[in-house]
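Student: what's the 3D shape of this:
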Amino acid sequence: MAMMNLPLFLTWARIACIPLLILAFVPGVLPLEAGTRNQLSASLFIIAAVTDWLDGYLARKWNQTSNFGAFLDPVADKLIVSTALVLLVADGRVSELVTIIIIGREITISALREWMASMGKRKSVAVNMIGKLKTTAQLGAIPMLLDGGIVAGLDMIFWGTLLIWVAAILTLWSMAYYLYVAWPDLREGS
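Tutor: Residues are numbered from 1 along each chain as shown. Sure thing, here's the model as predicted:
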């Protein structure tokens, strides 16, 4: 296992936020008012999103990258996003279709990257700008939807719903792009 360093610790902290997010969001688990639960959930997700950026930045800046960190980082991201989406679906704040699109794409592209890596071609399906825009839209929409209230005069459900649909469209677009790029190798390997 990779030696523990701050970037790896931050990745593990993001995974540790998952049960905290569940405890905070699910009604009746903690003795908190609905608005407080929602704000706490949104705050935990924002903290996780910041650690996602920070761990990658620090790992590159301090040259503390590792194969294990490169594996664990996207797993942590997918786990917390998927957990948040499932919670939001259960609460009726997100469409089941959006959730299926986003989680389905993550599974598909993770499998594609794993398969391409086994052929020594992982770089051909490296993260691109569409994927980064998709992630930005998701990381903006999910805390809005978790909060679910009015913040600075803005209806978080309305804006979060709009942004999560943008994320779903970008999700489909990025999946199509990755599959297109990998298609020659997919045809060769079948």
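
Student: helices along the protein, start to end?
Tutor: 6-25, 34-61, 67-90, 96-118, 129-147, 156-189 (DSSP state H).

Student: and the first one, what does it pack onto?
Tutor: So the one you mean is helix 6-25. helix 34-61, helix 67-90 (3 or more C-beta pairs under 8 Å, 6 or more residues apart in numbering; DSSP states H and E). Any C-beta I mention is one placed from the backbone N, CA and C, and that applies to glycine too.

Student: turn these into CSV, columns for mean neighbour count.
Tutor: Output for those, formatted as CSV (neighbours: other C-beta atoms under 10 Å):
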stretch, mean neighbour count
helix 34-61, 18
helix 67-90, 18
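
Student: let's have the ones you listed in CSV, adding mean pLDDT.
Tutor: Formatted as CSV, the helices and strands packed on helix 6-25 follow (pLDDT from 0 to 100):
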stretch, mean pLDDT
helix 34-61, 92
helix 67-90, 92
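
Student: of all those helices, which one comes closest to residue 19?
Tutor: For the helices and strands packed on helix 6-25, distance to residue 19 was read as C-beta to C-beta. The smallest value, 9.0 Å, belongs to helix 67-90.

Student: list the contacts of residue 69.
Tutor: 2, 7, 8, 11, 55, 59 (C-beta atoms under 8 Å, 6 or more residues apart in numbering).

Student: gap between it and residue 148?
Tutor: Separation of residue 69 from residue 148 (C-beta to C-beta, to the nearest Å): 34 Å.

Student: how about residue 88?
Tutor: Applying C-beta to C-beta to residue 88 and residue 148 gives a distance of 9 Å.

Student: which residues does the residue lying closest to residue 142 once chain neighbours are set aside contact?
Tutor: Counting by C-beta to C-beta, 6 or more residues apart in numbering, residue 84 is the residue found nearest to residue 142 once chain neighbours are left out, at 4.9 Å. Residues in contact with residue 84, defined by C-beta under 8 Å, 6+ apart, are 21, 45, 142, 146.

Student: again with residue 30
Tutor: Here residue 30 is in contact with 23, 24, 37 (C-beta under 8 Å, 6+ apart).

Student: please consider this matter closed, and thank you.
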